[in-house]
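# Fold the following and give me the result.
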Amino acid sequence: MTDIAGNIKYLRSQLPSSVKLVAVSKTKPVSDIMEAYNAGQRCFGENRVPELLNKTDLLPKDIEWHFIGHLQSNKVKSLVPFVDMIQSVDSFKLLQVINSEALKSGKIVDCLIQIHIATEETKSGFSIQELNEGFKTDTLNLKNIRICGVMGMATYTSDTKKIQAEFIYLRDCFHSLKEKYFKSELHFNEISMGMSGDYKLAVNEGSTMVRIGSLIFGER
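Take a look at the predicted model:
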(Lines give C-alpha, C1' and ligand atoms only; values in the text may rest on other atoms or scores of the structure.)
Protein backbone atom coordinates (compact mmCIF):
# COMPACT_ATOMS: atom_id res chain seq x y z
CA MET A 1 0.00 0.00 0.00
CA THR A 2 1.34 3.41 -1.01
CA ASP A 3 2.11 5.81 1.84
CA ILE A 4 0.79 8.93 0.12
CA ALA A 5 1.08 11.18 3.17
CA GLY A 6 4.61 9.96 3.85
CA ASN A 7 5.60 10.52 0.24
CA ILE A 8 4.34 14.10 0.32
CA LYS A 9 6.18 14.78 3.55
CA TYR A 10 9.40 13.40 2.05
CA LEU A 11 9.07 15.46 -1.13
CA ARG A 12 8.45 18.62 0.86
CA SER A 13 11.66 17.93 2.77
CA GLN A 14 13.51 17.68 -0.55
CA LEU A 15 12.04 20.77 -2.21
CA PRO A 16 13.00 24.37 -1.45
CA SER A 17 10.12 26.38 0.01
CA SER A 18 10.10 28.46 -3.18
CA VAL A 19 9.17 25.45 -5.34
CA LYS A 20 5.48 24.53 -5.66
CA LEU A 21 4.53 20.85 -5.60
CA VAL A 22 1.81 19.95 -8.11
CA ALA A 23 0.52 16.48 -7.28
CA VAL A 24 -0.33 14.80 -10.58
CA SER A 25 -3.53 12.94 -9.77
CA LYS A 26 -4.59 11.83 -13.25
CA THR A 27 -6.18 8.35 -13.25
CA LYS A 28 -6.06 8.31 -9.44
CA PRO A 29 -9.23 7.77 -7.39
CA VAL A 30 -10.80 10.40 -5.19
CA SER A 31 -9.73 8.42 -2.10
CA ASP A 32 -6.05 8.83 -3.02
CA ILE A 33 -6.48 12.55 -3.63
CA MET A 34 -8.22 12.92 -0.27
CA GLU A 35 -5.31 11.17 1.42
CA ALA A 36 -2.96 13.71 -0.15
CA TYR A 37 -5.34 16.54 0.75
CA ASN A 38 -5.45 15.42 4.38
CA ALA A 39 -1.64 15.48 4.36
CA GLY A 40 -1.83 19.17 3.49
CA GLN A 41 -1.53 19.02 -0.31
CA ARG A 42 -3.78 21.53 -2.05
CA CYS A 43 -2.50 21.74 -5.65
CA PHE A 44 -3.34 18.91 -8.05
CA GLY A 45 -2.71 18.39 -11.76
CA GLU A 46 -4.99 16.64 -14.25
CA ASN A 47 -4.59 16.06 -17.99
CA ARG A 48 -8.14 15.17 -19.08
CA VAL A 49 -10.99 17.66 -18.84
CA PRO A 50 -13.84 15.18 -18.06
CA GLU A 51 -11.81 13.58 -15.27
CA LEU A 52 -10.94 16.95 -13.72
CA LEU A 53 -14.56 18.11 -13.84
CA ASN A 54 -15.77 14.90 -12.24
CA LYS A 55 -13.26 15.27 -9.42
CA THR A 56 -14.14 18.90 -8.73
CA ASP A 57 -17.67 17.75 -7.89
CA LEU A 58 -16.43 15.18 -5.38
CA LEU A 59 -13.55 16.96 -3.66
CA PRO A 60 -13.06 20.01 -1.39
CA LYS A 61 -13.57 23.38 -3.05
CA ASP A 62 -10.27 24.85 -1.84
CA ILE A 63 -8.24 22.53 -4.09
CA GLU A 64 -6.16 24.39 -6.68
CA TRP A 65 -6.58 22.59 -10.00
CA HIS A 66 -3.90 22.78 -12.68
CA PHE A 67 -4.56 21.44 -16.17
CA ILE A 68 -1.34 19.92 -17.48
CA GLY A 69 -2.36 17.95 -20.58
CA HIS A 70 -2.92 18.84 -24.22
CA LEU A 71 -6.05 21.01 -24.27
CA GLN A 72 -8.46 20.98 -27.20
CA SER A 73 -10.20 24.26 -27.96
CA ASN A 74 -13.65 22.69 -27.75
CA LYS A 75 -13.00 21.65 -24.13
CA VAL A 76 -11.99 25.10 -22.89
CA LYS A 77 -15.54 26.30 -22.17
CA SER A 78 -16.26 23.51 -19.69
CA LEU A 79 -12.81 23.74 -18.07
CA VAL A 80 -12.41 27.47 -17.47
CA PRO A 81 -14.90 27.88 -14.58
CA PHE A 82 -13.12 25.22 -12.50
CA VAL A 83 -9.42 25.50 -13.26
CA ASP A 84 -6.89 27.69 -11.46
CA MET A 85 -4.06 27.38 -13.97
CA ILE A 86 -3.66 25.96 -17.46
CA GLN A 87 -0.03 24.92 -17.72
CA SER A 88 -0.13 23.55 -21.26
CA VAL A 89 -0.98 26.44 -23.59
CA ASP A 90 0.65 25.45 -26.87
CA SER A 91 -0.89 27.78 -29.47
CA PHE A 92 -1.97 31.39 -29.83
CA LYS A 93 -5.38 30.19 -30.96
CA LEU A 94 -5.77 28.39 -27.63
CA LEU A 95 -4.78 31.55 -25.75
CA GLN A 96 -7.52 33.44 -27.58
CA VAL A 97 -10.15 30.78 -26.84
CA ILE A 98 -9.20 30.68 -23.15
CA ASN A 99 -9.42 34.47 -22.98
CA SER A 100 -12.86 34.47 -24.63
CA GLU A 101 -14.27 31.83 -22.29
CA ALA A 102 -12.67 33.45 -19.23
CA LEU A 103 -14.36 36.73 -20.19
CA LYS A 104 -17.73 34.95 -20.32
CA SER A 105 -17.06 33.39 -16.91
CA GLY A 106 -16.01 36.71 -15.41
CA LYS A 107 -12.60 35.47 -14.29
CA ILE A 108 -8.93 35.76 -15.13
CA VAL A 109 -7.20 32.45 -15.88
CA ASP A 110 -3.53 31.95 -15.09
CA CYS A 111 -1.66 30.26 -17.96
CA LEU A 112 1.81 28.94 -18.68
CA ILE A 113 3.27 28.86 -22.17
CA GLN A 114 4.36 25.32 -23.05
CA ILE A 115 7.67 25.29 -24.91
CA HIS A 116 8.86 22.25 -26.84
CA ILE A 117 12.22 21.31 -25.32
CA ALA A 118 12.33 17.53 -25.88
CA THR A 119 13.52 15.54 -28.88
CA GLU A 120 10.23 13.60 -29.04
CA GLU A 121 7.92 15.11 -31.63
CA THR A 122 4.93 13.69 -29.74
CA LYS A 123 5.34 16.36 -27.05
CA SER A 124 3.50 19.62 -27.64
CA GLY A 125 4.73 23.16 -27.32
CA PHE A 126 5.81 26.37 -28.98
CA SER A 127 9.23 26.98 -30.45
CA ILE A 128 10.91 30.14 -29.19
CA GLN A 129 10.75 31.45 -32.77
CA GLU A 130 6.94 31.06 -32.81
CA LEU A 131 6.67 32.91 -29.52
CA ASN A 132 8.84 35.80 -30.66
CA GLU A 133 6.74 36.15 -33.81
CA GLY A 134 3.44 35.87 -31.94
CA PHE A 135 4.24 38.24 -29.12
CA LYS A 136 4.95 40.98 -31.65
CA THR A 137 1.20 41.05 -32.36
CA ASP A 138 -1.59 42.10 -29.99
CA THR A 139 -1.68 38.78 -28.08
CA LEU A 140 -0.64 40.51 -24.87
CA ASN A 141 -3.84 42.59 -24.98
CA LEU A 142 -5.90 39.57 -23.96
CA LYS A 143 -7.42 40.85 -20.73
CA ASN A 144 -8.79 37.68 -19.14
CA ILE A 145 -5.64 35.59 -19.12
CA ARG A 146 -2.52 36.11 -17.08
CA ILE A 147 0.60 34.59 -18.59
CA CYS A 148 2.60 33.53 -15.54
CA GLY A 149 5.61 31.83 -17.11
CA VAL A 150 6.64 28.75 -19.04
CA MET A 151 6.30 24.97 -18.87
CA GLY A 152 8.25 22.21 -20.55
CA MET A 153 8.64 18.43 -20.60
CA ALA A 154 12.11 16.96 -20.99
CA THR A 155 12.95 13.99 -23.18
CA TYR A 156 12.14 10.62 -21.62
CA THR A 157 15.67 9.30 -21.29
CA SER A 158 18.22 8.14 -18.73
CA ASP A 159 20.74 10.63 -20.14
CA THR A 160 20.82 13.18 -17.32
CA LYS A 161 23.07 15.56 -19.26
CA LYS A 162 20.50 15.74 -22.04
CA ILE A 163 17.69 16.39 -19.55
CA GLN A 164 19.77 19.04 -17.80
CA ALA A 165 20.51 20.78 -21.11
CA GLU A 166 16.79 20.86 -21.94
CA PHE A 167 15.97 22.37 -18.54
CA ILE A 168 18.69 24.99 -19.01
CA TYR A 169 17.21 25.82 -22.41
CA LEU A 170 13.73 26.27 -20.90
CA ARG A 171 15.14 28.51 -18.19
CA ASP A 172 16.93 30.59 -20.84
CA CYS A 173 13.68 30.86 -22.84
CA PHE A 174 11.90 32.10 -19.70
CA HIS A 175 14.49 34.83 -19.12
CA SER A 176 14.44 35.86 -22.78
CA LEU A 177 10.64 36.18 -22.82
CA LYS A 178 10.68 38.00 -19.49
CA GLU A 179 13.21 40.53 -20.74
CA LYS A 180 11.49 41.13 -24.09
CA TYR A 181 7.77 41.03 -23.28
CA PHE A 182 7.07 40.69 -19.55
CA LYS A 183 9.68 42.86 -17.86
CA SER A 184 7.11 44.85 -15.91
CA GLU A 185 4.81 41.89 -15.20
CA LEU A 186 5.43 40.66 -11.66
CA HIS A 187 3.24 37.59 -12.21
CA PHE A 188 5.52 36.29 -14.99
CA ASN A 189 7.69 34.32 -12.59
CA GLU A 190 7.02 30.58 -13.04
CA ILE A 191 9.12 27.85 -14.64
CA SER A 192 7.21 24.57 -14.45
CA MET A 193 9.64 21.75 -15.17
CA GLY A 194 10.52 18.49 -13.51
CA MET A 195 8.57 15.32 -12.86
CA SER A 196 9.06 12.24 -10.69
CA GLY A 197 12.19 11.07 -12.48
CA ASP A 198 13.98 14.36 -12.96
CA TYR A 199 12.63 16.91 -10.47
CA LYS A 200 15.96 17.32 -8.65
CA LEU A 201 17.70 18.25 -11.90
CA ALA A 202 14.88 20.68 -12.66
CA VAL A 203 15.07 22.38 -9.27
CA ASN A 204 18.83 22.79 -9.66
CA GLU A 205 18.21 24.60 -12.95
CA GLY A 206 15.61 27.01 -11.61
CA SER A 207 12.24 25.25 -11.59
CA THR A 208 9.56 26.95 -9.51
CA MET A 209 6.96 24.17 -9.98
CA VAL A 210 7.39 20.41 -10.18
CA ARG A 211 4.68 18.05 -11.44
CA ILE A 212 4.94 14.79 -9.53
CA GLY A 213 2.67 11.77 -9.74
CA SER A 214 4.24 8.35 -9.23
CA LEU A 215 6.50 9.44 -6.34
CA ILE A 216 3.33 10.45 -4.48
CA PHE A 217 0.65 8.00 -5.59
CA GLY A 218 2.74 5.04 -6.77
CA GLU A 219 3.08 3.71 -10.29
CA ARG A 220 -0.02 3.63 -12.49
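
# List the residues that contact the residue nearest the centre of the chain.
When CA atoms, centre = their mean is applied to the chain, the residue found nearest the centroid is residue 87 (3.4 Å). Taking CB atoms under 8 Å, 6 or more residues apart in numbering, we find residue 87 in contact with 45, 66, 67, 68, 111, 112, 114, 151, 192, 209, 211. Heads up, the C-betas are built off the backbone N, CA and C, glycines and all.

# now swap in residue 144 and tell me
98, 99, 100, 102, 103, 107, 108, 109.

# And it, how far from residue 113?
Distance check for residue 144 against residue 113: by CB to CB, to the nearest Å, it reads 16 Å.

# Output the longest helix belonging to the protein.
Counting by DSSP state H, the longest helix found in the chain is helix 160-181.

# Can you report how many residues neighbour residue 184?
Using other CB atoms under 10 Å, residue 184 is surrounded by 6 other residues.

# and if you look at residue 9?
Residue 9, neighbours per other CB under 10 Å, totals 12.

# Not counting its own residues, what contacts the helix or strand of the chain with the lowest mean pLDDT?
Counting by mean pLDDT, DSSP states H and E, the chain has its least confident helix or strand at helix 128-134, which shows a mean of 92. Residues outside helix 128-134 that contact it (CB under 8 Å, 6+ apart) are 92, 113, 115, 126, 173, 176, 177, 180.

# what are the phi and psi angles of the third one?
According to degrees, to the nearest 10, the main-chain angles of residue 115 amount to phi -110, psi 140.

# Can you tell me how far it is from residue 189?
In terms of CB to CB, residue 115 sits 16 Å off from residue 189.

# which strands and helices sit next to the longest helix of the chain?
Packing partners of helix 160-181 (3 or more CB pairs under 8 Å, 6 or more residues apart in numbering; DSSP states H and E): helix 128-134, strand 145-151, strand 190-192, helix 199-204.

# before we move on, back to that, return the closest of the contacts of residue 87 with respect to residue 82.
For these, the minimum distance to residue 82 (CB to CB) is 9.4 Å, reached by residue 67.

# phi, psi of the closest one?
phi -90, psi 130.
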